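Q: Next comes the sequence, and after it the predicted model I'd like to discuss.
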Amino acid sequence: MNERKDFYIGYIDDVSPATKKFLKRTVLILALVILTTAAIFSLSQQPFANSTFELSNETKISGVYHKSPYPMLRVEVEKGVYKNILLLGFGKFGANMYIDALKAKEGTLINRRLTIEGNLIYYNGKTLLQITNEQKITLEPERSSSKTDLASVVGDFELEGEVVDPKCYFGVMKPGKGKIHRSCASLCIAGGMPPVLVTTDSNNISEYFLLTDLKGQPIHSDILPYIGQPSKLNGTVEKLEDWYVMKIDVSNIEKLNKNSEIY
Amino acid sequence: MGLDYQTILWNKHKKVYDKLILAFMLMYLLVFAGLTFTFNAQTTIETLIIRAFGTLAVIMLHIILAIGPISRLNTSFLPLLYNRRHLGVSMFLAAAVHGVFSMIQFHTLGNVNPVYSIFTSNLDYTSLTNFPFQVLGFVALIILFFMAATSHDFWLKNLSPSVWKKLHMMVYVAYALIILHVFLGAFQQETSPFTIGFLSIGFVTIVSLHLIAGFNEVKTDTKKSEKDESNWLYVCRTGEIEEDRAKIFTVDKERVAIFKYEGKLSAIHNVCKHQGGPLGEGKIVDGCITCPWHGYQYLPGNGQSPPPFTEKVATYELKLVKDKIYLNPEAFPEGTEVKPVNC
Ligand code: HEM
Ligand code: FES
């Protein structure tokens, strides 16, 4: 076409056939570009984990409350088999505020039987429960005769993995780990969620370790600089039925400069 | 034009343009969502929204940035430039959905204010691969917000075109921040050769288009011209200018457009008062020099927009020696009547 002869003025409705043809072709090419990019960006997303967060569904769970050192509900799933359900708060907070509110009225809750209505979060054999309101916790009258010391020492280990916030990792967000999710995980752990170390071995088997300080007390703000990055941790591992607990010295965590390998 | 800035000038082309923007955006989002649900169904709605709108905004930004240089290189693309502002505002809206959803998802319901959290929840400011990439996106979004908010001609008038232009040149800062936001953020974890390759090609294309268009202009700007005894500059022969068209000629870094029409020659400053469009790439329509970008008009004899409009550009004096055109490099004040030379 002779483009010098053609002069487009936006506010004049008539367009020469040559300009029209050129524009039609341009629009077609743009449509192809848009379709291709949508396909490239959509199809190159990494697979999402099949973790679940039951946002709109509340489930009632009964079990014995304990704090080892993070709030948990010990539930008997079949005769003699127990599952420890990690309790979490609403948003980016731990469960302590609800527990403490009830404790102020009822005295210590440790080893007492509670029924909690909340939103389940589950993935890869682990179950967590989001509590949104202290009214949803009810104290059962019966006293429990449950064991008090559930943990048994496994040994000292050096483990490579990534520290995550369990709420997002086990279902609320995808991806709930790594660099993209790091800011959120820091907020969650600063807000009282337990930090969890996730390891994945060469057979893609993952293990989960609730992290505590050397005295077995909760860690929150001290571990923030290490969240969401491949790291090496040293410590004593204890088995707490279906969970592991690892006692660590935060200052010994070594950041590994490599890509995330968990999941 | 000048008087009408309170209302957006609507016309058929703008409406078609806007419909196409909307249709393309919807098409992108639907294809992205459809493919994700088909092949990666375990996604969450939040992640889907964040990713679909983030990538949509970045594609739109590339198109917006390509339109400028590509229509300088080939004027057939000028219709795309005509309503680029609406494309810009739409891109901002897509980016805002992405940014606001990310802020809600990652930074609300915590123990600090979400904006404070963007800046403090990752403090590895000295690391490259662990850099708090969300800060980069946040600053870019603020810049895009100011550009979208001032995109109306009302602001163009009230801020003065040169301030407005400077503000809108910030799009390049925003672009750089966004490229870093993606390369230091999502690409560190969602590492795919396709997306990384695709955005790299996009970046190289934008930079090359700007370099080529800029280089072409530098070539015209630095052409040396001979002076006659009274210091007038030789431009070209009359036969080198097409009827109703102009030749752009540079004197002391200022570009001048020399128009030929109805057997006459007139010279005016090349820069349109609207958004700085190149008048010399325009055409004489109904006796008026018409800007190729959005159609502002000026009379060739005095550089003034025909009443009721009030724009004025500087004019220049010409003389003809046989068929050789000479230009007096001293500009007259804006809107000065100059008698055209006959050729
Ligand atoms: C408040 C401002 C912003 C925040 C908080 C933010 C946050 C994020 C986050 C968290 C991701 C990773 C999401 C994921 O992959 O799951 C991301 C990725 C991305 N962002 Fe932003 N962003 C902001 C502004 C922008 C702007 C202004 C643009 C561009 C116009 C942009 C473009 C992108 C793109 C293209 C990606 C990669 C694709 C994706 O993963 O979504 N972002 N951003
Ligand atoms: S720059 Fe908009 S009409 Fe000239």
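A: The structure has been received and is ready for your questions. Ligands and ions are numbered 1, 2, ... in the order given.

Q: all helices for chain B, in order.
A: Secondary structure of chain B, counting by DSSP state H: helices at B:12-39, B:45-73, B:78-82, B:84-107, B:114-120, B:133-149, B:153-159, B:161-169, B:171-181, B:187-189, B:193-221.

Q: ranking these by burial, who's on top?
A: Mean neighbour count, computed with mean count of other C-beta atoms under 10 Å in any protein chain shown, is highest for helix B:78-82 among the helices of chain B, reaching a mean of 23. Backbone N, C-alpha and C define where each C-beta goes, glycine included.

Q: roughly how far is it from the heart of the chain?
A: 10 Å (C-alpha atoms, centre = their mean, to the nearest Å).

Q: The residue nearest to B:L109 when sequence neighbours are not counted: what's it in contact with?
A: The shortest distance from B:L109 to any non-neighbouring residue, by C-beta to C-beta, 6 or more residues apart in numbering or on different chains, is to A:G91 (2.7 Å). Going by C-beta atoms under 8 Å, 6 or more residues apart in numbering or on different chains, A:G91 touches A:191, B:108-110.

Q: And the buried ones among the residues you listed, selectable in ChimeraX?
A: The following ChimeraX line selects those of these that are buried, judged by 16 or more other C-beta atoms under 10 Å in any protein chain shown:
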select /A:191 /B:109,110
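
Q: Among the contacts of A:G91, find the lowest-pLDDT one for me.
A: The lowest pLDDT within the contacts of A:G91 belongs to B:G110, with 83.

Q: Pull the contacting residues for it.
A: A:91-93, A:187-188, A:190-191, B:117.

Q: Would you check which pair of those residues lies furthest apart?
A: Across the contacts of B:G110, the two members that end up farthest from each other (C-beta to C-beta) are A:F93 and B:S117, 13.8 Å apart.

Q: A:R25 and chain B: what is the separation?
A: A:R25 sits 10 Å away from chain B, taking C-beta to the nearest C-beta, to the nearest Å as the criterion.

Q: So which bits of the helix or strand encompassing that residue are buried?
A: Assigned by DSSP states H and E, A:R25 falls within helix A:17-43. Neighbour-count burial for helix A:17-43, counted by 16+ other C-beta under 10 Å, picks out A:19, A:22-23, A:34, A:37-38, A:40-43.

Q: Against which helices or strands is that helix packed?
A: Under the contact criterion of 3 or more C-beta pairs under 8 Å, 6 or more residues apart in numbering or on different chains; DSSP states H and E, helix A:17-43 touches helix B:12-39, helix B:45-73, helix B:78-82, helix B:193-221.

Q: Including distance to ligand 1 and pLDDT, could the buried residues of helix A:17-43 go into CSV?
A: Shown next, in CSV, are the buried residues of helix A:17-43 (distance: C-beta to the nearest ligand atom, whole Å; pLDDT from 0 to 100):
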residue, distance to ligand 1, pLDDT
A:T19, 31, 79
A:F22, 29, 88
A:L23, 26, 88
A:I34, 15, 95
A:T37, 11, 95
A:A38, 12, 97
A:I40, 11, 96
A:F41, 7, 96
A:S42, 11, 96
A:L43, 13, 96
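
Q: hang on, the earlier thing: just send the helices and strands packed on helix A:17-43 back as CSV, with distance to ligand 2 and mean pLDDT too.
A: Shown next, in CSV, are these (distance: least, C-beta to the nearest ligand atom, whole Å; pLDDT from 0 to 100):
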stretch, distance to ligand 2, mean pLDDT
helix B:12-39, 13, 93
helix B:45-73, 12, 95
helix B:78-82, 9, 83
helix B:193-221, 16, 91
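
Q: need those in JSON lines with distance to ligand 1, can you?
A: JSON lines is the format used below for these (distance: least, C-beta to the nearest ligand atom, whole Å):
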{"stretch": "helix B:12-39", "distance to ligand 1": "10"}
{"stretch": "helix B:45-73", "distance to ligand 1": "3"}
{"stretch": "helix B:78-82", "distance to ligand 1": "19"}
{"stretch": "helix B:193-221", "distance to ligand 1": "8"}
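
Q: Isn't B:F119 up against B:V135?
A: Yes. Using C-beta atoms under 8 Å, B:F119 makes contact with B:V135 at a distance of 5.9 Å.

Q: before we move on, back to that, farthest-separated two in the contacts of A:G91?
A: Farthest pair in the contacts of A:G91, by C-beta to C-beta: A:G191 and B:T108, 11.6 Å.

Q: just how off-centre is stretch A:192-208 within its chain?
A: On the basis of C-alpha atoms, centre = their mean, stretch A:192-208 sits 11 Å off its chain's mean C-alpha point.

Q: Smallest gap between the stretch 151-300 of chain B and chain A, at which residue?
A: Ranked by C-beta to the nearest C-beta, the top residue of the stretch 151-300 of chain B for proximity to chain A is B:S192, at 3.7 Å.

Q: residues contacting the nearest residue to that residue once chain neighbours are set aside?
A: Spatial nearest neighbour of B:S192, excluding adjacent residues (C-beta to C-beta, 6+ apart): A:S44 at 3.7 Å. Contact analysis of A:S44 by C-beta under 8 Å, 6+ apart lists B:190, B:192, B:194-195.

Q: For my notes, please list those in a markdown table and give distance to B:L180 for each entry.
A: Shown next, in a markdown table, are the contacts of A:S44 (distance: C-beta to C-beta, whole Å):
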| residue | distance to B:L180 |
| --- | --- |
| B:E190 | 16 |
| B:S192 | 18 |
| B:F194 | 20 |
| B:T195 | 15 |
